[in-house]
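**Student:** no sequence for this one, just the structure:
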């Protein structure tokens, strides 16, 4: 049985000089092969750290410069969890994916889920939780904070669909039309060419009795998608409204 793993120097993203602080012989190796080389182990740790956007002391007890770091101890929960995650990905790659019968399978790695962030949450879940805890304004603020920090990194999905989904949840499940409109107004500001977002905003304006807002949003949707029959129908209805 192939031994895979995680061990002593877990999650280290360090400069080359810092490798001098890493011992030449390793103890408490539970998953990595006992005879793994220092270069191979450090390379693996760097890949883990990069995937999560963390440093060595995320899992090991000691300072960032590794001076006097206790690599062997299992004191920190992150180290114990990381071992379990390594076992999980090995099971996926060695057993579950091959069971699909497909050729040229892509391997699951830490970065597959983490994408440079410590806790691999989906953006829509973060925003929904913010709404539940502190309201729509807090969710919008959180979205903008994350966008400022992570836009372009691939860590979160900042496409129009994420805010569309939040707006739909607010409108349908929370009956919060004003909150949904607030979210969609942000969405069309950030994604002005998203026709569906304009159409959703037009529909909500119609439901709120804002004829001018509905017409303007639906006209913009049709400018972007001239053949959108649903938008045409909604625009006719909005123009005919009293």
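**Tutor:** That came in fine, so what should we check first? Here the structure is a predicted model, which is why all the values come from computation and not from measurement.

**Student:** May I see the buried residues of the lowest-mean-pLDDT helix or strand in the chain?
**Tutor:** Here the helix or strand of the chain ranked lowest by mean pLDDT, DSSP states H and E is helix 38-52, holding a mean of 91. Going by neighbour count (16 or more other Cβ atoms under 10 Å), the buried part of helix 38-52 is 41, 42, 44, 45, 46, 47, 48, 49, 51, 52. Heads up, the C-betas are built off the backbone N, CA and C, glycines and all.

**Student:** swap in stretch 126-146?
**Tutor:** By neighbour count on 16+ other Cβ under 10 Å, the buried set for stretch 126-146 is 126, 127, 128, 130, 131, 136, 139, 140, 142, 143, 146.

**Student:** Now the residue nearest the centre of the chain: closest residue in space, sequence neighbours ignored.
**Tutor:** Geometric centre of the chain, nearest residue: residue 156, 3.8 Å, by Cα atoms, centre = their mean. Distance criterion Cβ to Cβ, 6 or more residues apart in numbering; nearest residue to residue 156, sequence neighbours excluded, is residue 123 at 4.2 Å.

**Student:** And that neighbour, what's its pLDDT?
**Tutor:** Per-residue confidence at residue 123 stands at 97 (pLDDT).

**Student:** Tell me who's in contact with it.
**Tutor:** 143, 146, 156, 157, 158, 162 (Cβ atoms under 8 Å, 6 or more residues apart in numbering).

**Student:** ok, residue 29 - how many residues close by?
**Tutor:** Using other Cβ atoms under 10 Å, residue 29 has 18 neighbouring residues.

**Student:** And it, how far from residue 183?
**Tutor:** 49 Å (Cβ to Cβ, to the nearest Å).

**Student:** what does residue 48 give?
**Tutor:** From residue 48 across to residue 183, the span is 35 Å (Cβ to Cβ).

**Student:** and what of residue 71?
**Tutor:** For residue 71, the distance to residue 183 equals 46 Å [Cβ to Cβ].

**Student:** again, but for residue 39
**Tutor:** Going from residue 39 to residue 183 by Cβ to Cβ gives 49 Å.

**Student:** Equivalent analysis for residue 120, please.
**Tutor:** 23 Å.

**Student:** Between those two, point out the one with more neighbours.
**Tutor:** Neighbour count, other Cβ under 10 Å: between residue 120 and residue 183, residue 183 has more, with 30 against 15.

**Student:** The more buried one - nearest residue in space that isn't next to it in sequence?
**Tutor:** Per Cβ to Cβ, 6+ apart, closest to residue 183 is residue 167, 4.4 Å.
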